[in-house]
Structures are given as C-alpha cells and as structure tokens.
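Undergrad: pasted the sequence and its predicted model underneath.
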Amino acid sequence: MALFRSDRIYQRTLTAFALSLPLLILVILGVLLASALPAVKAFGPSFLWTSTWDPVAEVYGAAPMIFGTLASSLLALLIAVPLALSVAIFLTEFSPRWLRQPVAFLVELLAAIPSVVYGTWGIFVLIPFLRQHVVPVLKALFGWTPFLQGVFYGNSLLAGGIILAIMIVPYIAAVSREVLLAVPTAQREAALAMGATRWETVRSAVLPYGRAGLIGAIILGLGRALGETMAVTMVIGNRHDIGVSLLQPAYTMAAAIANEFSEATTNMYLSALFAVGLILFVLTVAVNAVARILIWRVARGAAVGSKAL
Amino acid sequence: MSGRALRRHLTSRLMTVLVIILSFTAVLALVLILGNLIAKGASSLDWAFFTKSPVPAGQSGGGVANAIAGTVVVVGLAALIGVPVGVGAGMYLAEYGAGRLGFLVRFVADVLNGTPSIVIGIAGWTFIVKPSGRFSALAGSVALAILMIPMLARTTEEMVRLVPHSLREAALALGLPRWRTSLKIVARTAMGGIVTGCLVGIARVAGETAPLLFTALGNLNFSLAVGQPMQTLSLQIYVYATGPFDEWHRLAWASALVLMGLVLVISLAARWVTRQRYGSVR
C-alpha cells in the first residue's frame, strides 16, 4: 500500500502506541485477577454477599462495601441528575447567548477541582453545615422513615452522596449538553409550529430525541461515582456495616482499598482487597461500556464529553 | 386565554424558572467551594509556606515546599511518559483508526477513562513497587501516566480530525510521504488543540491522590530522588485534612488553595493556547 518505506515505519510506530491501550487494560485486569486469586479461591462467590470483614480471623466478605458503593452512587445520582440536566437544558434551550459560555465554563470548572480538595471541603464545610442546618430539618420532616434513623455524627452516607453529586454534575452536564446540541433544530421548530410552549417543546420534542444519549450521560456519571475514591473516603465514615439510614457511616469499595491497603499485612488480607478492586474494576468497565454504547449511538463515535474528562 | 392554555403557559414558565434555579445551584456549589478555599487558605500563604518543609506534628509553622516540588516532579515525569504514548495513540486513531483495531482502541480508551484511579494505583503497586521493593516517585508517575494516556489519545484524535482534508491532499499531491504529511502538515496544524489536550490531561492528574497513595507514598522531607518516596500536594492535603491538629487543618486549606490554583492555571493556559492558535489561523 504505502509508497515509501518510511511510511510503513511511521504506521508501525503509531500502531505500537495505539496497542499500548488494549495492552494496559489487559495488564490491569491480569494483575487484579492474579492478586485476587487466593481470596477468590478461599471465599468463592459468597465474598459478594457476606458481611464479615475480620483481618484477625482472616474471614472476608465485601457486602457492606458493595452496598455502600451502590447506595452512595445512587444517592449522588438522585441529587446530580436534576441539577445536571437543568444545566444542559438551560445552556441549549433557555439561556441568552451571552450567558452560555460563562455558565458552561463555571460548571466545567467543577470537574477541575481535585478530589482531595472536595474531601477537605466536605470535612470542614459541608459536614458542619449539614449538622447545623440540614439534618435537623430533615429529621423533623422525615424522621419517621428508616432512612433518617440514628444520631448524625457527620461522616455518613449522606455526606458522601452529596459530595459525589457535586463531583459528577459537570460530567453529566457536559455530555447531556452535547447530546442536546445534536438534536436537530427542525425538531424544535416543528414542535413550536404546532403551538407547543417552550417547556412542551423541550419535554416532548428535544428530550425524547436525545433520550439514549441522556441515559448514557447519566450512566457515565454513575461510573464516575462508583469509582471515586478520595473525597468519599474522607467523608463517608468508613464503617463495615449495612444500614439504610443516610445519617450513619458507611463504606465504599474504593474507600476500603484506599484505607486498608497499606495496613494489609497478611497475604489473604491483601488478596481480599485486590478482590474488592477487581469487583470495582469489572463494575465500572461494564457501566462505562454501556454508557459509551448509548452515547455513540447518538454522537456516531465522536469523543463526546472529552472536554470534561 | 382559555384556562387550559393559561395552565400550559404557567407550566412552561414554572419549569423554565425551575431549570434556571437548578442550573444556578450547580454554579453556586463552585462559587461556594472556591470562596471557602480562598477564605480559609489565603491567610496561611506566606514565604515560609512555600519555602519550608513540614515541622514535626504538633508544632506550628513550617511549609509544604517538599510537596510543591514533589508535585512538579511527579506530574512532570508522568507527562514525559504519558504525552508521547497518548498523542501517538491519538495520531493512530486519526490517521489509521478506521478499521477494527481503531474501533477497539477507541473503545478501550473510553473505558479506561472511566477506570477508578485507585484501581490503577494498586495495579501500579503490584507492577512496580512490589517487584522493586520500595515506593518511589517514578511508580507514582507511571500510575498518573496511565491515567493520562487514554484521555490524550481521544482529545488528540478529535483535534487532528478537525484538520481539513484539503490540506492533507495538497501535501500528498506534492509528493510528500504520508508520514511527513502527517507530522509536518496535519499534526502541526492541529498543534494548538493537541497542546490544549495535553495541558487539560496534566491538570487533571496533578490533582490526583488515589493512584499515588501506594506508589509515591509521600515523604515528610524534601526529596527530589525519583527512586524514593516523594510528597505531593494532594497526598499532603489528605494527611493534613484527616489528621487531628488544627495547625494541620490550616495547612490543608492553604495547600488545597495552592493545588487548586495550580490546576486552574494549567486549565486556563490550555484555553489560552487554543484561542491563540485559532485566532491566528482563522
């Protein structure tokens, strides 16, 4: 094919760089599998649903972390999705032209704040604020539900979920915005011509058209939340326990690794943590793969949202 | 206006207002965080903070010079490793990425982009720290580079794809080999965008903590040896913010402000590069 031999060298060099990516993911997977093997052999699938985490007796079960990871991420989605979709709708449908750039820039900046800075802010600003102003109100209104039982010490599922929510808003907003921008103008004009109000246009013509992409954006945000480590570790309380109360401390898989990896003195302890890492890895890969397929269907392979990544 | 029409218009108004309020809540979160950072961190920024290393726990004073220098070294080294691989992979995707391998690489890059950084941290520990028998700044840099590569690959590809086909065709028609066309014409035209992508990638990994916990580890003393444990601002903030002393909390806020400033400066530089470039081309 190539006219020049130098062209073939060039192509091979670039191919080698490109191949490093599949190689990387295989190496990561291989490392996790090999290191997690002793724990997988010892505990089998029951590792997923047992709750004992006893380094002295060398018995490990990851259920509380899996529960905490899912619970904090879902709470984060509950808070972040309305905010992020509003930002996307505002920027594409309602905002005056001069306001678009500044608002988009400010929301993107949220993605630039390092995780550990979010954690610091969570410890010293968010948690005291929750304790003084939010939790008393929540308790007064919904104190009878199982979700708000117990004493609020600060580090809790609630604090973790809120921090995570703020952190994933820019990702969901950036991707959603690009999805909405890809909705043809004719779609809006048709609805308006039928006499729809502005909101009816958004709800019945714009959002349904971008639905797959919007769901993709939300799942992408979920993927971020599942694997987020530092900020969550700093505010969620790090307790091996399953409880539905938002006010109680919890644990996530990423937080457990961050916290206990350097304390893991025995091989089995270390292997159990690698098994947790393996579960987390497989979970996020699956979630991201689903999100990407949904977004690609809308955007045809463009690197949507790469600005925010 | 009939009752039904009125209701529809009121709903529209109400939802518009709701969307605006929720949007500004997101912006408010940013303003609050940045405001707190400045309010609680700025007063601790003095000469000693930037020039001294930490003093033993419980004493007051000292600075984070070791962490600032360490951040520059660890992130700089990560960029040295990550940028060539990431940009090279991106060039591949843009130039030869139409086939099955291109699809696979693109997909893997997107999936790797979402991989939790703590997982990359423990993979780096197993691969580098465990065999070599010691924590090192180099291991931290490799972990950060792994985070950077998929990001750079995707942004580079996107930027290179923006280059008009006519430019490439003109160069090939003049008899230039494909690699020269690719490097001298296409890549050079997209250079502004590629540099922006690199800076954004560097800004993002500069704030990372999780991949460094078990690789660079942290260091209380000033050290620039890449084969030894090294402190970074992010690791320092983690230790100080979760520690028991008020003096540490003060330093955590100040360090957080400095780290945020560093990340912001790199991000803004990234925007500035693109603007310059496109301003001069168009």
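TA: Alright, I've got the coordinates.
Undergrad: every contact and neighbour count from this point should use C-alpha atoms.
TA: Noted.
Undergrad: which helices and strands sit right next to the top helix by length along chain A?
TA: Counting residues, the longest helix in chain A under DSSP state H turns out to be helix A:5-43. If you count contacts as 3 or more CA pairs under 8 Å, 6 or more residues apart in numbering or on different chains; DSSP states H and E, helix A:5-43 packs onto helix A:267-299, helix B:65-96, helix B:100-113, helix B:117-124, helix B:137-161, helix B:178-180.
Undergrad: so how far is it off the chain centroid?
TA: Using CA atoms, centre = their mean, to the nearest Å, the mean C-alpha position of helix A:5-43 is found 24 Å from that of the whole chain.
Undergrad: and what of stretch A:63-71?
TA: Relative to its parent chain, stretch A:63-71 has a centroid offset of 14 Å by CA atoms, centre = their mean.
Undergrad: can you pull out the strands in the stretch 51-200 of chain A?
TA: A:53-54, A:59-60 (DSSP state E, counting those that start in this stretch).
Undergrad: mind checking how far the first one is from the chain centre?
TA: When you say that, I think you mean strand A:53-54. 27 Å.
Undergrad: which pLDDT value belongs to residue A:242?
TA: Among the per-residue scores, residue A:242 holds a pLDDT of 91.
Undergrad: the residue nearest in space to the middle of chain B: which element?
TA: Centroid-nearest residue in chain B: residue B:204, 1.3 Å away (criterion: CA atoms, centre = their mean). Using DSSP states H and E, residue B:204 maps to helix B:191-206.
Undergrad: that helix - what's its average pLDDT?
TA: 93.
Undergrad: how close does residue B:213 sit to chain A?
TA: 7 Å (CA to the nearest CA, to the nearest Å).
Undergrad: can you tell me which residues in the stretch 51-200 of chain A are near chain B?
TA: Counting by CA under 8 Å from any CA of the partner chain, the stretch 51-200 of chain A comes close to chain B at A:82-84, A:86-87, A:89-90, A:94, A:103, A:106-107, A:109-110, A:112-117, A:120-121, A:123, A:125, A:166, A:169, A:197-200.
Undergrad: narrow the residues you listed to those in helices?
TA: A:82-84, A:86-87, A:89, A:103, A:106-107, A:109-110, A:112, A:115-117, A:120-121, A:166, A:169, A:198-200.
Undergrad: can you select the buried ones among these for me in PyMOL?
TA: Listed next is the PyMOL selection for buried residues among these, using 16 or more other CA atoms under 10 Å in any protein chain shown:
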select buried, chain A and resi 82+83+84+86+87+89+103+106+107+109+110+112+115+116+117+120+121+166+169+198+199+200
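Undergrad: how about low-confidence regions in chain A?
TA: Applying pLDDT under 70 to chain A flags residues A:1-3, A:298-309.
Undergrad: one more time with 50
TA: Low-confidence segments of chain A, defined by pLDDT under 50: A:301-309.
Undergrad: repeat for chain B
TA: Applying pLDDT under 50 to chain B flags the ranges B:278-282.
Undergrad: domains of it?
TA: With domains defined by automatic domain parsing, chain B comprises B:3-44, B:49-281.
Undergrad: tell me where the stretch 151-282 of chain B has helices.
TA: Assigned helices in the stretch 151-282 of chain B, in chain order: B:165-173, B:178-180, B:188-189, B:191-206, B:233-242, B:246-281 (criterion: DSSP state H, counting those that start in this stretch).
Undergrad: now those in CSV, with distance to residue A:232?
TA: Below are the helices of the stretch 151-282 of chain B laid out as CSV (distance: least, CA to CA, whole Å):
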stretch, distance to residue A:232
helix B:165-173, 46
helix B:178-180, 47
helix B:188-189, 42
helix B:191-206, 18
helix B:233-242, 12
helix B:246-281, 17
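Undergrad: of these, which is nearest residue A:265?
TA: Of all these, the one in closest proximity to residue A:265, counting by CA to CA, is helix B:233-242 (21.0 Å).
Undergrad: so what touches that closest one?
TA: By CA atoms under 8 Å, 6 or more residues apart in numbering or on different chains, the residues outside helix B:233-242 that reach it are A:116-117, A:120, A:123, A:234, B:64, B:67-68, B:70-71, B:207-209, B:212-213, B:217-218, B:248-249, B:251-253, B:255-256, B:259.
Undergrad: quick check: angle from it to helix B:65-96?
TA: Note on geometry: by axes from the mean of the first three to the mean of the last three CA atoms, to 10 degrees, helix B:233-242 and helix B:65-96 are set 130 degrees apart in direction.
Undergrad: in the stretch 201-309 of chain A, what residue comes closest to chain B?
TA: Nearest to chain B, among the residues of the stretch 201-309 of chain A, is residue A:227, at 4.5 Å (CA to the nearest CA).
Undergrad: what's the neighbour count on that residue?
TA: 26 (other CA atoms under 10 Å in any protein chain shown).
Undergrad: mind checking how far it is from residue B:160?
TA: Note on residue A:227: its distance to residue B:160, by CA to CA, to the nearest Å, is 31 Å.
Undergrad: residue A:8 now?
TA: Relative to residue B:160, and taking CA to CA, residue A:8 is found at 20 Å.
Undergrad: look at these two and report which has more neighbours.
TA: Per other CA under 10 Å, whichever of residue A:8 and residue B:160 has more neighbours is residue B:160, with 23 against 15.
Undergrad: that one touches residue B:192, doesn't it?
TA: No: taking contacts as CA atoms under 8 Å, residue B:160 lies outside contact range of residue B:192: 10.2 Å.
Undergrad: which elements pack onto the helix holding residue B:204?
TA: Looks like helix B:191-206 contacts helix B:65-96, helix B:137-161, helix B:246-281 (3+ CA pairs under 8 Å, 6+ apart).
Undergrad: could you list the buried residues of it?
TA: For helix B:191-206, by 16+ other CA under 10 Å, it's B:191-206.
Undergrad: try stretch A:66-80
TA: A:66-77, A:79-80.
Undergrad: ditto for stretch B:29-46
TA: For stretch B:29-46, the neighbour count (16+ other CA under 10 Å) marks B:29, B:30, B:33, B:34, B:36, B:37, B:38, B:40, B:41, B:42, B:44, B:45 as buried.
Undergrad: ok, back up a step: now for the closest residue to the residue nearest to the centre of chain B other than its chain neighbours: which residues touch it?
TA: Spatial nearest neighbour of residue B:204, chain neighbours left out: residue A:112 (6.5 Å); criterion: CA to CA, 6 or more residues apart in numbering or on different chains. Taking CA under 8 Å, 6+ apart as the contact definition, residue A:112 lies against B:203, B:204, B:263, B:264, B:267.
Undergrad: run the last query once more with 10 Å
TA: For residue A:112, the contact set (CA atoms under 10 Å, 6 or more residues apart in numbering or on different chains) comprises A:106, A:167, A:170, A:308-309, B:200, B:203-205, B:207, B:260, B:263-264, B:267.
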